[in-house]
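Student: Provide a 3D model corresponding to the input given below.
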Amino acid sequence: MAEKTILITGGSKGIGQATAQLLLEHGFRVILIARDEKRLNEVRDDFVAAGHHQQDIEVRSLDMADVEQIEPVVSNCELLQNGLFGLVSNAAVEILKPAMEFSLDEMEQTWRVNILGPIRLIQVCYPFLKMQQGSIVHIGSISDFNRDANYSVYGGSKAFMKGFVGHAAQEMGPDGVRINIVSPGATDTPLMQHFIEKGQWSSEEIAEFKQSIPVEQRFATAREVAETVFFALTGPRYFHGEDLRIYGAHK
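Tutor: Predicted structure coming up:
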């Protein structure tokens, strides 16, 4: 059995699932947290069918908006008890529309999932991270500074967490716990496909956007973002309080 455990929120699809796959390939254990229990079980079964050990994969159903449940659910994870090598805070709500059109419920959900939940999760995991002088990676977004219509609330939540990571690095460093942020640009995930299918952008807008990306004129793959997360988790101890931006040099 692997000796090092990584906890991943939003671990049932997209960047979270790709990160779990990469970590399992490198001999880590993973705890996958997401809302959809059925999907979590399917992902675990797929990993086992691919040759990974079931005892190295723990799944827990949790809606990160339900902040009060983070402590009872996470603190009781079996693979957490001997310490946590890494925490990947990936779960997020992405509602794209003008700020003036947001309902109170939508703003509350964004606040809870994108800001309050990740901070509470770090609080709960921190004793376990200290046990192994572990590493936290928060998944941000280049929308934290790119100025685009319909991104004001989502981008603002990502900008908040970018600021949080920088300040938290000063607090956690003396305990031997590292924290960094990985900020992707447009990434080919189920969520991206959902937005495309519902017509968030026209085909012309998508084509123009891809042409503006110097590297191969395409979206990033979830695997490429996962590889960046892997570096942040396992890279130099001196890499701390930083923001790794992976966006193909999009203008």
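
Student: where in the stretch 1-150 of the chain is pLDDT low?
Tutor: Where the stretch 1-150 of the chain drops to pLDDT under 70, the residues are 1-2.

Student: how far out from the middle of the chain is stretch 202-215?
Tutor: Here the centre of stretch 202-215 is set off from its chain's centre by 25 Å, with CA atoms, centre = their mean, to the nearest Å.

Student: got the CA coordinates for that stretch in PDB?
Tutor: The C-alpha trace of stretch 202-215 is given here as PDB (Å, rounded to 0.1, in the frame of the first residue of the first chain):
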ATOM      1  CA  SER A 202     -20.700  31.200 -30.000                       C
ATOM      2  CA  SER A 203     -18.600  28.900 -32.200                       C
ATOM      3  CA  GLU A 204     -17.000  32.000 -33.700                       C
ATOM      4  CA  GLU A 205     -16.000  33.200 -30.200                       C
ATOM      5  CA  ILE A 206     -14.500  29.800 -29.300                       C
ATOM      6  CA  ALA A 207     -12.600  29.700 -32.600                       C
ATOM      7  CA  GLU A 208     -11.300  33.200 -32.100                       C
ATOM      8  CA  PHE A 209     -10.300  32.400 -28.500                       C
ATOM      9  CA  LYS A 210      -8.400  29.300 -29.500                       C
ATOM     10  CA  GLN A 211      -6.500  31.200 -32.200                       C
ATOM     11  CA  SER A 212      -5.300  33.600 -29.600                       C
ATOM     12  CA  ILE A 213      -3.500  30.800 -27.700                       C
ATOM     13  CA  PRO A 214       0.100  30.600 -29.000                       C
ATOM     14  CA  VAL A 215       0.500  26.900 -27.900                       C
END
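
Student: regarding Leu32, what is its secondary structure?
Tutor: Here Leu32 is strand, with the state taken from DSSP: H, G, I helix; E, B strand; the rest coil.

Student: check contacts around the nearest residue to it once chain neighbours are set aside.
Tutor: Nearest residue to Leu32, sequence neighbours excluded (CB to CB, 6 or more residues apart in numbering): Gly11, at 3.2 Å. Backbone N, C-alpha and C define where each C-beta goes, glycine included. Residues near Gly11 by CB atoms under 8 Å, 6 or more residues apart in numbering: 17, 19-20, 30-34, 40, 43, 59, 90.

Student: neighbour-wise, which of those leads?
Tutor: Counting neighbours by other CB atoms under 10 Å, Thr19 leads those with 31 neighbours.
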